[in-house]
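Asker: next come a sequence and a model predicted from it.
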Amino acid sequence: MSSTEPLLELRQLSVQHAVRSGGSTRLEAVRELSLSVFPGEIIAVVGESGCGKSSLARAMVGLVPASSGEIRIQGVPVQNLAGKARKNWHRQTQMLFQDPHSALSPRRTIADTLAEPLEIQEKVTAEQQKQQILAALSEVNLSSDILLRYPHQLSGGQKQRIALARALLCKPSLIIADEPLSALDVSEQARLLNLFSKLRSDKHIAFVLIAHDLAAVQQVADRVAVMYLGQLLELAPAARFFQGAAHPYSQALLKATQRNWQPGYWADPKEADEPVLKGEPPSALTPPSGCVFHTRCAQRLELCSEVVPGQHSLVQAASAAGAHQVLCHLYSTDKLPLHPSQQEKP
Ligand code: SF4
């Protein structure tokens, strides 16, 4: 497969959850979202809690059904996959969860946990199984001493790396990592991100990295996708995004990150106490009319509360992976605001 062809493609994907008994009320966690993931790239999906990131991740691996739209694996709609092809989809698309402890059985040793995917997936001899497990442990920088231990005897970072080793034993082409950094300390976060980066380079594995910490994803992401109330508000190559995001919500997230990571960032100390984003996100049960971000947007226009913005391309890219798209009325006129990278420096 060419690296210009998507490994995973979401076309106008929506995911709904029943939130009242009998399913009478439905929450639209993901709304008509289109996104492609290419082989060997790390795409970070960021946004506040409740924006639909985890529902999106679960839909990508088939843990929750799509209510509308389509998911394609190497060009084939997943609803058309059956038998061996469907099994292959579940093998090649692996998931890492936020809490590595609950992802590992407390009653099984690490050796048993790592042997499980080999028993399910393919017939291998005991010696081959052992060699594959040792190789997977080595990939995640863990020694064989760990094999006879139980999950409660390991640190959070070690458990997350065991979960990654188990995923690697399935020989995945795509790993969906749902907030894998949240339960880890800073040094373990860095270690896990380095592993993602190495596996992307050495094995050409693609990662969808769900996160809320922009500073962490900046280290490894090739592209950044920003979600809010189930919608994709901005999608851009990481270098371009971090140089200057275009959507007002992305700009606020970046500003908050800079404030947290750069002491003295604010010229006016009073400003340091002001929240960058005012108010809480509205409920996904009753999303605002027009632009979903208009209730918190400092740059909103008169039409924003009534008219739904369209998707605008800010760059003519040769490939979809180079595209910069933004969902905002500010970019719909002939007088487009210049991208920060194109503005004159004072
Ligand atoms: Fe703000 Fe309007 Fe753009 Fe929404 S469409 S982000 S309210 S300027």
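Answerer: Perfect, thanks for sending it. Numbering: from 1, shown residues only.
Asker: tell me where the protein has strands.
Answerer: In the chain, the strands defined using DSSP state E lie at 8-18, 26-37, 42-46, 68-73, 76-77, 93-96, 174-178, 206-211, 223-228, 231-237, 311-313, 325-327.
Asker: who's in contact with the closest residue to A183 other than its chain neighbours?
Answerer: Among residues not flanking A183 along the chain, G156 sits closest, at 5.1 Å (CB to CB, 6 or more residues apart in numbering). C-beta here means a position set from N, CA and C on the backbone, and glycine is covered the same way. Contacts for G156 (CB atoms under 8 Å, 6 or more residues apart in numbering) come out as P100, H101, A183, L184, D185, E188.
Asker: so how do I select the buried members of those in PyMOL?
Answerer: The PyMOL selection below is limited to those of the contacts of G156 classed as buried (16 or more other CB atoms under 10 Å):
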select buried, resi 100+183+184+188
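Asker: nearest to L164, out of the strands of the chain?
Answerer: Closest of the strands of the chain to L164 is strand 93-96, at 6.2 Å (criterion: CB to CB).
Asker: other SSEs contacting the closest one?
Answerer: On a contact count with 3 or more CB pairs under 8 Å, 6 or more residues apart in numbering; DSSP states H and E, strand 93-96 meets helix 156-168, strand 174-178.
Asker: sheet-wise, list the partners of the last one with their directions.
Answerer: Pairing partners of strand 174-178, with direction, according to DSSP bridges: strand 93-96 (parallel), strand 206-211 (parallel).
Asker: pLDDT score assigned to the residue of the stretch 51-200 of the chain found nearest the ligand?
Answerer: Taking CB to the nearest ligand atom, the ligand has its nearest neighbour within the stretch 51-200 of the chain at C51, 14.4 Å off. In this model, C51 is scored at 91, pLDDT.
Asker: could you do A211 as well?
Answerer: Reading off the confidence values, A211 has pLDDT 92.
Asker: grab the nearest non-local neighbour of it.
Answerer: In space, A211 is closest to V217, 5.1 Å off (CB to CB, 6+ apart).
Asker: what count of nearby residues applies to that neighbour?
Answerer: 24 (other CB atoms under 10 Å).
Asker: so it sits against V46, correct?
Answerer: Yes - between V217 and V46 there is a contact under CB atoms under 8 Å: 6.5 Å.
Asker: which residues are common contacts for these two?
Answerer: With CB under 8 Å, 6+ apart as the test, V217 and V46 both reach A211, V224.
Asker: what's the longest helix in the protein?
Answerer: For the chain, the helix that runs over the most residues, judged by DSSP state H, is helix 186-203.
Asker: give the contact list for the residue positioned nearest the centre of the chain.
Answerer: Nearest residue to the geometric centre of the chain (CA atoms, centre = their mean): I210, 2.9 Å. With contact set as CB under 8 Å, 6+ apart, I210 has these partners: A44, V45, K53, S54, L56, A57, I176, A177, D178, E179, P180.
Asker: and the last one, its phi and psi?
Answerer: Its backbone dihedrals place P180 at phi -70, psi -10, with angles given as degrees, to the nearest 10.
Asker: residues contacting the residue lying closest to it once chain neighbours are set aside?
Answerer: Of all residues not flanking P180 in the chain, L96 sits nearest, at 4.8 Å (CB to CB, 6+ apart). Shown in contact with L96 (CB under 8 Å, 6+ apart): A103, Q160, A163, L164, A167, I175, I176, A177, D178, P180.
Asker: circling back to that earlier point, in the longest helix of the chain, what's buried?
Answerer: For helix 186-203, burial by neighbour count (16+ other CB under 10 Å) applies to E188, Q189, R191, L192, L193, L195, F196, L199, R200.
Asker: helices or strands next to it in the packing?
Answerer: strand 42-46, helix 156-168, strand 174-178, strand 206-211.
Asker: just the angle between the third one and helix 186-203, please?
Answerer: In this case it means strand 174-178. 170 degrees (axes from the mean of the first three to the mean of the last three CA atoms, to 10 degrees).
Asker: from the chain's centroid, how far away is strand 174-178?
Answerer: The chain centre lies 7 Å from the centre of strand 174-178; the measure is CA atoms, centre = their mean, to the nearest Å.
Asker: just the mean pLDDT for it, thanks.
Answerer: The model assigns strand 174-178 a mean pLDDT of 96.
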